[in-house]
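**Student:** Fold the following, please.
(one chain, ligands or ions: 1)
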Amino acid sequence: MKSIIVNNLTKTYGKAKEKVLAVDDVSFDVNPGEIFGLIGPDGSGKTSIFRMLTTVLLPNSGSASIEGFDMIKDYKEIRKILGYMPGRFSLYQDLTIEENLEFFASVFNTTIAENYDLIKDIYIQIEPLKDRRAGKLSGGMKQKLALCCALIHKPKVLFLDEPTTGVDPVSRKEFWEMLQRLKKQGITIVVATPYMDEAALCDRIALIQNGKILSIETPATISNSYPDLLFEVKAGRTANVLRALEKFDQKKNVYAYGEFVHLSLEKNENFNTTTVIEYLKKEGFENIEINPIKASIEDSFIRLLSNH
Ligand SMILES: Nc1ncnc2c1ncn2[C@@H]1O[C@H](COP(=O)(O)OP(=O)(O)OP(=O)(O)O)[C@@H](O)[C@H]1O
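**Tutor:** As a prediction, the model looks like this:
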C-alpha cells in the first residue's frame, strides 16, 4: 500500500481578477518509509500542498489519502498519525524546551517518556538547555526542538516544510542525517525545500513550479537523463561571459553557476569545444576554460523550467 496518494489537487486563493492558482492539478504518491522531496522556488505552491495534506486547508478539487485515510472525511484519524513541522517555527517562544515538548506531547495524550526512544538522538543535543526558552535558541536548536515536537506522538508520516531554511550548514547536515535515521525506523517523510543540494538526499523528488509538478524522479535519474550537452565555462568576469554566450547561436541555455557559466547545447556528435573557445576569443576573452560536465539536479531543473 502507498503511504500517501494525491490525485489532481487544485487550490486557488482569492476571487475573480485577484484569483491565484497556487496548486494546479497536482498528483503524486509516496511509498512507506520513503523520503519524498517537493523542490521548487518560493511561491511555487509547496506550503499550500502541505497545508492540504496536513488537513488544515481544504482543496478546491482533487483528493488525497494518507495511510489509507481520506484527507477530508478522515481528517481526525490523519491528524493522529502525522507530524508536521511548518516552515515558520511553530514553537511557543516563551516556553522552555521541555515545556514546549511537554505541551505537544499532552496535545496527543502522550508523554515525553513514552516516546523518548524516537526523539532521543535529537533531544540529547538540546537537553542540556532544556530550561531555556525557545525564543532564546539558535536556528539550529529551534529546528531540532521543532522536529522533536513533530515526532513526540510517534507519527507514521512526517511533513517538513523548509526545515533547514535559516539554519547553518553544519546543522543542516546533521538534520539530514537525522532524517535518514527516522526513515530507517519506517517513518514516511515528505520534505519541501528550495535547496537543490538537499534534493539529492531524497529518495525521489517532485520538481514544482507555479503550482505544477514538472517531473517526479529519483535524483540519479534526473541527473542521468539530462539530454543535452553541458559545459562549464570560465573566462574572466561571469557577467561578461554570460552576456557573450547569450549571443552564441548554438546555445540552448546559459546561466551563472557559482564561479562558472553553464552552457547547454543540443546533443551533436560533431560538436567540438573549440567552437566555443574561438567564439569567445573573437568576443575579446582570454584564459578561456571550458569543461564538459554531468548535469546536477539544479541544471535539470533549469532545463525543465526553460521548456515551460
Ligand atoms: N492565503 C493566501 N492568499 C492568497 N494567496 C496566497 C495565500 N497563500 C499562498 N498564496 C499564493 O499562492 C502561491 C503559492 O504559495 P505557497 O506558499 O503555497 O508556495 P511555496 O512554494 O510554499 O512558497 P513559500 O516558500 O514562499 O511559502 C503564491 O503565489 C502565494 O503568493
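**Student:** mind listing the strands for the stretch 1-150 of the chain?
**Tutor:** Here the stretch 1-150 of the chain has its strands, by DSSP state E, counting those that start in this stretch, at 4-13, 20-30, 35-39, 61-66, 69-70, 82-85.
**Student:** what about the last one and the ligand, touching?
**Tutor:** No - no part of strand 82-85 sits near the ligand under the criterion Cβ under 6 Å from any ligand atom; the closest distance found is 13.6 Å. Glycine gets a C-beta too; all of them are placed from N, C-alpha and C.
**Student:** neighbouring contacts of that strand?
**Tutor:** 50, 54, 66, 146-147, 149-151, 153, 155-161, 163 (Cβ atoms under 8 Å, 6 or more residues apart in numbering).
**Student:** again, but for the fourth one
**Tutor:** Outside of strand 61-66, the residues that reach it under the criterion Cβ under 8 Å, 6+ apart are 3-10, 25-27, 52-53, 70-72, 78, 81-82, 157.
**Student:** Please list only the buried members of those residues.
**Tutor:** Among the contacts of strand 61-66, those classed as buried by 16 or more other Cβ atoms under 10 Å are 3-6, 9-10, 26, 52-53, 71, 78, 82, 157.
**Student:** Looking at those, which one is closest to the ligand?
**Tutor:** M52 (9.6 Å; Cβ to the nearest ligand atom).
**Student:** which one is that closest one nearest to, not counting chain neighbours?
**Tutor:** P59 (5.1 Å; Cβ to Cβ, 6 or more residues apart in numbering).
**Student:** Can you report phi and psi for the spatially closest residue to P41 that is not a sequence neighbour?
**Tutor:** Closest residue in space to P41, ignoring its immediate chain neighbours: P194 at 6.0 Å, by Cβ to Cβ, 6+ apart. Torsion angles at P194 (phi, psi; degrees, to the nearest 10) stand at phi -90, psi 0.
**Student:** in terms of contact, does P194 touch L38 like I think?
**Tutor:** No - contact criterion Cβ atoms under 8 Å: P194 and L38 do not qualify, at 10.0 Å.
**Student:** of those two, who's got more company?
**Tutor:** L38 (28 against 15; other Cβ atoms under 10 Å).
**Student:** What strand or helix carries the closest residue to that one other than its chain neighbours?
**Tutor:** Leaving aside its sequence neighbours, L38 sits nearest to A192 (Cβ to Cβ, 6+ apart; 4.4 Å). A192 belongs to strand 188-193 when assigned by DSSP states H and E.
**Student:** which stretches of the stretch 101-250 of the chain form helices?
**Tutor:** Remark: helices assigned in the stretch 101-250 of the chain by DSSP state H, counting those that start in this stretch are 116-126, 139-151, 169-184, 196-199, 219-224, 238-246.
**Student:** quick one, which of these is nearest to the ligand?
**Tutor:** Across the helices of the stretch 101-250 of the chain, the ligand has its closest neighbour in helix 196-199 (13.9 Å, Cβ to the nearest ligand atom).
**Student:** Show me what that closest one packs onto, helices and strands only.
**Tutor:** On a contact count with 3 or more Cβ pairs under 8 Å, 6 or more residues apart in numbering; DSSP states H and E, helix 196-199 meets strand 35-39, helix 297-306.
**Student:** on that earlier part again, can you get me a residue count around the residue nearest to L38?
**Tutor:** 24.
**Student:** With the one 4 residues further on instead?
**Tutor:** By other Cβ under 10 Å, the residues close to M196 number 18.
**Student:** What of K234?
**Tutor:** 16.
**Student:** which phi and psi does the residue nearest to it when sequence neighbours are not counted have?
**Tutor:** Spatial nearest neighbour of K234, excluding adjacent residues (Cβ to Cβ, 6+ apart): E289 at 4.4 Å. Dihedral pair for E289: phi -120, psi 130, per degrees, to the nearest 10.
**Student:** Could you pull up the contacting residues of E289?
**Tutor:** So E289 contacts 232-235 (Cβ under 8 Å, 6+ apart).
**Student:** ok, now F231?
**Tutor:** 262-265, 273, 276, 290-293 are the contacts of F231 under Cβ under 8 Å, 6+ apart.
**Student:** returning to what we had before: I'd like the distance between the residue nearest to K234 and V170.
**Tutor:** Taking Cβ to Cβ, to the nearest Å as the measure, E289 falls 32 Å from V170.
**Student:** remind me which residues of the protein are low pLDDT?
**Tutor:** 89, 308 (pLDDT under 70).
**Student:** Could you list the contact residues of it toward the ligand?
**Tutor:** Those residues of the chain that sit near the ligand, judged by Cβ under 6 Å from any ligand atom, are 13-14, 20, 22, 40, 42-48.
**Student:** Any idea what the residue most central in space within the chain is bridged to?
**Tutor:** Nearest to the geometric centre of the chain sits T193, at 2.4 Å (Cα atoms, centre = their mean). As for beta bridges, T193 partners with I39 under DSSP bridges.
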